[in-house]
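need coordinates for the following:
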Amino acid sequence: MLVARRVKFWVEPLLYHVVFLSSTSMDEARNLDLPSFTADSVPDDYFRHVRHLFIDQMSVNQTDFEKWLLACNGTTNLFAQFDCTPEILPLLSGFINIRYLTVDVRALLGTTVSLPLFLTVTHLELLNYTHKSVDRASENISLIPHLTHLALNSDLQSRSRWSHAALCANTQLQCIVFLSAKISLEGSPLLDDNRFMCIDERVRYYSDWLHGAVFGEDYWSLADTFLTARRAGKIDRTYPELLK
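Numbers count the residues shown, from 1 in each chain. The predicted structure follows:
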């Protein structure tokens, strides 16, 4: 990159394709030959090449956090590990190409679902899915125009039957995943829905995200493979759970 401008143009999009900003496990990112960034790194013009962004607000101060969100708006795969407060939500308006999104459920409350962020999302994972917000979020899920895959990440023992019925009624969804080791589905209409499955994850969430960003192999690809096999009759349709 220091020798020839044309080499710089070839290499930069590859070098800055994946950015992992978290103090959780930087060693794992380095083992995958990803470049290392400190939270206070000044985002430069080359960050327009970022397509996969994992950002943990606990690892970045507020000023740097805002800079990163503004600099990486070409991202297509965003793991937003932060609270979606009214102050944070406007910073997400610059993301207009997101397909894979992991985000706080509060981003779906009120009128925020109309943000440009949601116009292109096909795969959505919701964090902090509390019983208090379950009904309002369920209503707004149907307003995301291109959403085909939905994952709920939390302890699902307290899920209301109304939310299950709403998910079943959403014909746009092709895959409904519950990411939980503790789940009660007695009487749930999801048990009769061939789009539904429960994945009992045995790997850390950031490891799964990193392997999805680098190799294209994550719980989403696993879910598609599982559902395809079940629809083809290779797996019992009454068996909704998969260990990972």
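
helices or strands up against the longest helix seen in the chain?
Taking DSSP state H as the criterion, the chain has its longest helix at helix 219-231. Contact partners of helix 219-231 among helices and strands, from 3 or more C-beta pairs under 8 Å, 6 or more residues apart in numbering; DSSP states H and E: strand 149-153, strand 175-179, strand 196-200, helix 205-215, strand 241-243. In short, each C-beta sits where N, CA and C put it, glycine included.

dump those into JSON lines; add mean pLDDT and distance to Arg48 as well.
JSON lines is the format used below for the helices and strands packed on helix 219-231 (pLDDT from 0 to 100; distance: least, C-beta to C-beta, whole Å):
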{"stretch": "strand 149-153", "mean pLDDT": "92", "distance to Arg48": "27"}
{"stretch": "strand 175-179", "mean pLDDT": "92", "distance to Arg48": "31"}
{"stretch": "strand 196-200", "mean pLDDT": "87", "distance to Arg48": "34"}
{"stretch": "helix 205-215", "mean pLDDT": "92", "distance to Arg48": "17"}
{"stretch": "strand 241-243", "mean pLDDT": "60", "distance to Arg48": "37"}
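
so which of those gets nearest Asn77?
helix 205-215 (6.2 Å; C-beta to C-beta).

so, low pLDDT: which residues of this structure?
1-2, 8-10, 13, 24-26, 37-44, 111-113, 129-135, 154-162, 181-182, 237-244 (pLDDT under 70).

need the residue closest to the centroid of it.
Thr102 (2.6 Å; C-alpha atoms, centre = their mean).

surely that residue is within a strand?
Yes - under DSSP: H, G, I helix; E, B strand; the rest coil, Thr102 falls within a strand.

pull the contacting residues for it.
Contacts for Thr102 (C-beta atoms under 8 Å, 6 or more residues apart in numbering) come out as 78-81, 124-127, 153, 209.

what's the answer for Leu124, then?
Leu124 neighbours (C-beta under 8 Å, 6+ apart): 101-103, 141, 144, 147, 149-151.

Throw these into JSON lines and include distance to Leu227, thanks.
Shown next, in JSON lines, are these (distance: C-beta to C-beta, whole Å):
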{"residue": "Leu101", "distance to Leu227": "20"}
{"residue": "Thr102", "distance to Leu227": "20"}
{"residue": "Val103", "distance to Leu227": "23"}
{"residue": "Ile141", "distance to Leu227": "19"}
{"residue": "Ile144", "distance to Leu227": "20"}
{"residue": "Leu147", "distance to Leu227": "16"}
{"residue": "His149", "distance to Leu227": "10"}
{"residue": "Leu150", "distance to Leu227": "13"}
{"residue": "Ala151", "distance to Leu227": "13"}
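
about what we covered before: so which bits of the longest helix of the chain are buried?
219-220, 222-223, 226-227, 230 (16 or more other C-beta atoms under 10 Å).

now it and strand 196-200, what's the angle there?
Computed by axes from the mean of the first three to the mean of the last three C-alpha atoms, to 10 degrees, the angle separating helix 219-231 from strand 196-200 equals 130 degrees.

thanks again, I'm all set now.
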